[in-house]
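Chemist: Okay, predicted coordinates and the sequence, questions at the end:
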Amino acid sequence: MAEAAGLYYELHGPADAPPLILSSGLGGSASYWMPNLPALAEHFRVLVYDHRGTGRSDRVLPDTVSVDDFADDMLALMGAVGWERASIVGHAAGGVAGLALAAKAPERLDRLVVVNGWAKADPHFLRCFEARLNLLRHSGVEAFLRAQPIFLYPAEWISFHTAELDAELPHQIAAFPGVATMEKRIAALAAFDISKEILALRGSILALSTGDDMLVPWMCTQALGEMNPRITQEHMPWGGHACNVTDPVTFNAIVLDFLRS
């Protein structure tokens, strides 16, 4: 087990390859990237990690948590492994953390891929999380986790993968970080607003959206490119919020093309 600053992490790929951090969404798990690791680790030295408060990382969070804290954790990991600069692929929470890092420490960032991210929380996004929090508070952890696939995956994908989702549920329940931690992480995402700073970002950034994302409407991610013409836009018509899981072949191709260009 590798650990730095209370954060569990793993390194994959050739030691002399360009550095790449994969930062997951709300669940915060390094294992989220399993469908993508083999392809990305062929070309990069890949660091995956459990977000603070989740998984095998330190479960203790301060009273309030911000997306800037998520970015600081990535900088701490870079320092721990001796990386001056790295590229980042961030999904949702990990993507907005990448934007926060791009704003506060642009010299540490090579390239950034923001997957189904946003500059400011959209009303639909907030409505979804209000519903999910109500499930968590009033129906419990299992109900919260059973509903989670509805927001992450396309309906037809769920239909064909129901057995897998049911098999994963006991493990998700066992690993659940706790109601308080989940509420803090959701509050951080809801409060995030980089809309005033987005035009000043000058690094190489790709905004990747998915047409049938049930949680973050595709136009929220595409708006990043509209707010800053230097941000490249790509769009997957199908794949849901967790498009890297449902269509890893397309996702990996888009990401590798950008990172290696």
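Modeler: On my side now, so go ahead.

Chemist: Identify the bridge partners of the closest residue to P14 other than its chain neighbours.
Modeler: Of all residues beyond its chain neighbours, the one nearest P14 is R45 (6.3 Å), with distances taken as Cβ to Cβ, 6 or more residues apart in numbering. Placement of C-beta: from N, CA and C, glycine included. Judged by DSSP bridges, the bridge partners of R45 are P19.

Chemist: Counting neighbours, what do you get for R45?
Modeler: 20 (other Cβ atoms under 10 Å).

Chemist: now it: how far from L11?
Modeler: According to Cβ to Cβ, to the nearest Å, R45 stands 6 Å off from L11.

Chemist: Give me the most central residue, this protein.
Modeler: H91 (2.6 Å; Cα atoms, centre = their mean).

Chemist: From V245, how far off is that residue?
Modeler: 9 Å.

Chemist: list the residues that contact both of those two?
Modeler: In terms of Cβ atoms under 8 Å, 6 or more residues apart in numbering, H91 and V245 are both contacted by the residues Y32.

Chemist: where are the low-confidence patches of the protein?
Modeler: Scanning the chain for pLDDT under 70 picks out 1.

Chemist: neighbouring contacts of the host helix or strand of Y9?
Modeler: Using DSSP states H and E, the element containing Y9 is strand 7-12. Here strand 7-12 makes contact (Cβ under 8 Å, 6+ apart) with 1-3, 30, 37, 41, 45-52, 55-58, 73, 76-77, 80-81.

Chemist: which element is E130 on?
Modeler: helix 123-139.

Chemist: my guess is the residue nearest to the centre of the chain meets I21, correct?
Modeler: No. Assessed by Cβ atoms under 8 Å, H91 is found out of contact with I21, at 11.8 Å.

Chemist: that older thread, filter the contacts of strand 7-12 down to the buried ones and hand me the ChimeraX line.
Modeler: Entered in ChimeraX, the line below selects the buried ones among the contacts of strand 7-12, by 16 or more other Cβ atoms under 10 Å:
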select :30,37,41,45,46,47,48,49,50,51,52,55,56,57,73,77
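
Chemist: Restricted to helices, list the contacts of strand 7-12.
Modeler: Among the contacts of strand 7-12, the residues falling in helices (DSSP state H) are 37, 41, 73, 76-77, 80-81.

Chemist: out of those residues, which one sits closest to A143?
Modeler: Taking Cβ to Cβ as the measure, A143 lies nearest D73 of the ones in helices among the contacts of strand 7-12, at 29.4 Å.

Chemist: Buried residues, the host helix or strand of L22. List them.
Modeler: In this assignment (DSSP H and E), L22 forms part of strand 19-23. Along strand 19-23, these residues count as buried under the neighbour rule (16+ other Cβ under 10 Å): 19-23.

Chemist: Name the residues that touch it?
Modeler: 13, 30, 33, 36-37, 40, 44-49, 51, 70, 74, 77-78, 81, 83, 85-91, 93-95, 97-98, 110, 259.
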